[in-house]
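>>> Next input, structure requested:
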Amino acid sequence: MRSAQRVFIEKPLIAMVIIRDPTDRFVIVRNPEKPERGWVFPGGMILHTESIEAEAVQHVFEETGILLDPQELASVQRRRREKVDLISLEAIVPTQILNVPLRSGSGHQVRIVSRRKL
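Take a look at the predicted model:
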């Protein structure tokens, strides 16, 4: 009988999802409960209950109302920091998705901005 392997996570993993359309408009969010963090790309802590992409998509949906396909996310960069690891993912969405009002289920404020306003 084989014993189950335990997976130990050394540091927390934070995912950030860069959502843009073909005209280079980007989605950013701000948590009104933590205004000191300012405007950021949507994302959050990955708990490793599902794939990194699936959990990142859930964070995006909660914060923006945009439903992405986890298989369409591209990994851009992974950075190791002293206390956390950060992963950047990118999703290119059709322009019409960003042309409708976006609503957060978690109370986040949502903005669409051009590249030069990032």
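
>>> what ranges of the chain fall below the confidence cut-off?
Within the chain, the ranges that satisfy pLDDT under 70 run 1-10.

>>> now the strands for it?
Here the chain has its strands, by DSSP state E, at 13-20, 25-30, 43-46, 74-80, 85-92, 109-114.

>>> Any chance of these in CSV with distance to residue 58 as columns?
In short, each C-beta sits where N, CA and C put it, glycine included. Shown next, in CSV, are these (distance: least, CB to CB, whole Å):
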stretch, distance to residue 58
strand 13-20, 10
strand 25-30, 14
strand 43-46, 9
strand 74-80, 17
strand 85-92, 13
strand 109-114, 16
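
>>> Please render these as CSV that adds mean neighbour count and distance to residue 68 to the earlier fields.
Listed next are the strands of the chain as CSV, based on neighbours: other CB atoms under 10 Å; distance: least, CB to CB, whole Å:
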stretch, mean neighbour count, distance to residue 68
strand 13-20, 21, 8
strand 25-30, 20, 11
strand 43-46, 18, 12
strand 74-80, 11, 11
strand 85-92, 18, 5
strand 109-114, 14, 14
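
>>> Tell me which of the ones you listed lies nearest to residue 57.
The closest of these to residue 57 is strand 13-20. By CB to CB, the value is 7.8 Å.

>>> hmm, back to that, now for the strands of the chain, which one comes closest to residue 103?
strand 109-114 (7.4 Å).

>>> Parallel or antiparallel, list what pairs with that closest one.
strand 25-30 (antiparallel) (DSSP bridges).

>>> Relative to the whole chain's centre, how far out is the partner strand?
Relative to its parent chain, strand 25-30 has a centroid offset of 10 Å by CA atoms, centre = their mean, to the nearest Å.

>>> Name the residues that touch that strand?
Contact with strand 25-30 is made by 18-20, 37-42, 63-64, 66, 95, 98, 102, 104, 108-115, 118, as judged by CB atoms under 8 Å, 6 or more residues apart in numbering.
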